[in-house]
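Asks: Build me a model from this:
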Amino acid sequence: MQQSSDNGSASEPQKLSEADQARVDGFLARGVNASERRPFRPILLIFLLMAVVAGFSLLSQGVARWSGVY
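Replies: Residues are numbered from 1 along each chain as shown. Below you'll find the model as predicted:
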């Protein structure tokens, strides 16, 4: 048997009561959730990671040459 929803929308049943939905909306509107963030760009993160790894590699080779390892 299928239960009917109270809001009258046949496409998506309401999962929360009105009071609970108001609490969720209030939580999402404050704190860290309230700030708009730029979209995540993984390509920039990959290039940043490559730059850091290359920098540490060059630094380690410089330290090895300076200390006389080779």
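Asks: from the middle of its chain, how far away would stretch 37-54 be?
Replies: Relative to the centre of its chain, stretch 37-54 is centred 14 Å away, using C-alpha atoms, centre = their mean, to the nearest Å.
Asks: per-residue confidence averaged over that stretch?
Replies: For stretch 37-54, mean pLDDT is 94.
Asks: What segments of this protein are helices?
Replies: Using DSSP state H, the helices of the chain run over 18-28, 42-67.
Asks: mind putting the ones you listed in CSV, mean neighbour count and distance to residue 12 included?
Replies: All C-beta atoms are positioned from the backbone trio N, CA, C, and that covers glycine. Formatted as CSV, the helices of the chain follow (neighbours: other C-beta atoms under 10 Å; distance: least, C-beta to C-beta, whole Å):
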stretch, mean neighbour count, distance to residue 12
helix 18-28, 10, 13
helix 42-67, 10, 31
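Asks: Quick one: closest of the ones you listed to residue 36.
Replies: Evaluated over these, closeness to residue 36 peaks at helix 18-28, with 12.5 Å, by C-beta to C-beta.
Asks: Can you pull out the residues in contact with that closest one?
Replies: Contact with helix 18-28 is made by 14, 16, 33, 34, as judged by C-beta atoms under 8 Å, 6 or more residues apart in numbering.
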